[in-house]
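Q: Provided below are the primary sequence and the corresponding predicted coordinates.
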Amino acid sequence: MSYKKWIGGGLGWLFFGPIGGLIGFALGSLFDIDPNKAEYTDTNKVRQGEFTASLLVLIAAIMKADGRILKSELNFVKKFLVDNFGEARARQMLLVLRDMVKKDISVSQIADDIKIHLNYSSRLQLLHFMFGLAAADGYVDPKELEVIKQISFGIGISSTDYDSIKSMFVKDELSSYKILGISPDATDDEIKKAYRKMAMKYHPDKLSYLDEKMKKTAEEKFKKVNEAYHQIKKMRGMK
């Protein structure tokens, strides 16, 4: 039996208990780990494994939230996994996901473990993906929103950052301001400062351990911040 799977399984048990063990075991074969080398101790590989395991568990939690699994959600997940991991790995991950959605998932336990083992930038990226999945059918179901909010609170995301990422998907007349984490009565200088703060917080370099394909996904938040800032500038006639 491949050592890769045992390493992956060990990471899964360490970070997510029995459910994570199943995920980690499967994920072990998805990463290029040579048991005869010290390569598997590489920090970036471990962090990427943690992130990917977290991602799969949260995908399952969101897909189960409204009591039905929509084709639009499956298509969104398939495209994301293929784009970021390639056809072969995506197929394996989808098999793991298929088993995960059949299990009872403790959202609070998942959130606690993710908060401990992933840095804040990684947790923001997971939140961004959760909203993307929930909005895949063009509508964020209230039950999905409730689960996402519960997870967001559990993994330690601030209310400002939650509202910021939520507003990238659930639009209203104040979305541009919420994305920057400010109110409409903010001064032009406050808007500029908020933009610089959010641009730095959501910069893809914060997730340098991810491979190039995954970094492109991380760039989406950064682009939304830029779009919000330019929209506000246009509305206000700012230079």
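A: Okay, I see it. Numbering: from 1, shown residues only.
Q: which SSE is the residue most central in space within the chain in?
A: Nearest residue to the geometric centre of the chain (CA atoms, centre = their mean): Leu126, 1.6 Å. Element membership for Leu126 (DSSP states H and E) is helix 120-134.
Q: so what are the domain limits for this structure?
A: Domain segmentation of the chain under automatic domain parsing yields 1-156, 158-239.
Q: quick check: mean pLDDT of the last one?
A: Spelled out, that is domain 158-239. Across domain 158-239, pLDDT averages out at 91.
Q: how far out from the middle of the chain is it?
A: Relative to its parent chain, domain 158-239 has a centroid offset of 16 Å by CA atoms, centre = their mean, to the nearest Å.
Q: kindly check the end-to-end length of that domain for me.
A: 30 Å (CA to CA, to the nearest Å).
Q: thinking again about what came up before, after the helix holding Leu126, heading C-terminal, what element do we hit next?
A: Heading C-terminal from helix 120-134, the first helix or strand you meet, by DSSP H and E, is helix 142-154.
Q: that following helix - contacts with which helices or strands?
A: The contact analysis (3 or more CB pairs under 8 Å, 6 or more residues apart in numbering; DSSP states H and E) places helix 142-154 against helix 43-65, helix 107-117, helix 120-134, helix 159-166. Any C-beta I mention is one placed from the backbone N, CA and C, and that applies to glycine too.
Q: can I have the helix or strand where Asp189 lies written out in PDB, keeping just the CAs?
A: Element membership of Asp189 [criterion: DSSP H and E] is helix 188-201. Taking only C-alpha atoms (Å, rounded to 0.1, in the frame of the first residue of the first chain), the coordinates of helix 188-201 have been written out as PDB:
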ATOM      1  CA  ASP A 188     -12.800  59.700   0.500                       C
ATOM      2  CA  ASP A 189      -9.700  59.300   2.600                       C
ATOM      3  CA  GLU A 190     -11.300  56.500   4.700                       C
ATOM      4  CA  ILE A 191     -12.300  54.800   1.500                       C
ATOM      5  CA  LYS A 192      -8.800  54.900   0.100                       C
ATOM      6  CA  LYS A 193      -7.400  53.500   3.400                       C
ATOM      7  CA  ALA A 194     -10.000  50.700   3.400                       C
ATOM      8  CA  TYR A 195      -9.200  49.800  -0.100                       C
ATOM      9  CA  ARG A 196      -5.500  49.500   0.600                       C
ATOM     10  CA  LYS A 197      -6.300  47.400   3.700                       C
ATOM     11  CA  MET A 198      -8.600  45.000   1.900                       C
ATOM     12  CA  ALA A 199      -6.300  44.800  -1.100                       C
ATOM     13  CA  MET A 200      -3.500  43.700   1.100                       C
ATOM     14  CA  LYS A 201      -5.700  41.300   3.100                       C
END
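Q: about what we covered before: how about the helices and strands packed on helix 142-154 in a markdown table, adding distance to Val82?
A: Shown next, in a markdown table, are the helices and strands packed on helix 142-154 (distance: least, CB to CB, whole Å):
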| stretch | distance to Val82 |
| --- | --- |
| helix 43-65 | 14 |
| helix 107-117 | 24 |
| helix 120-134 | 15 |
| helix 159-166 | 24 |
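Q: of the ones you listed, which approaches Val147 most closely?
A: With CB to CB as the criterion, Val147 lies closest to helix 43-65 of the helices and strands packed on helix 142-154, at 4.2 Å.
Q: would you tell me what the next helix or strand after the closest one is?
A: helix 71-100.
Q: give the buried residues for that next one.
A: Within helix 71-100, the residues that count as buried by 16 or more other CB atoms under 10 Å are 73, 76-77, 80-82, 84-85, 89-90, 93-94, 96-97, 100.
Q: helices or strands up against that helix?
A: Helix 71-100 packs on helix 3-27, helix 43-65, helix 120-134, helix 212-236, going by 3+ CB pairs under 8 Å, 6+ apart.
Q: thanks again, I'm all set now.
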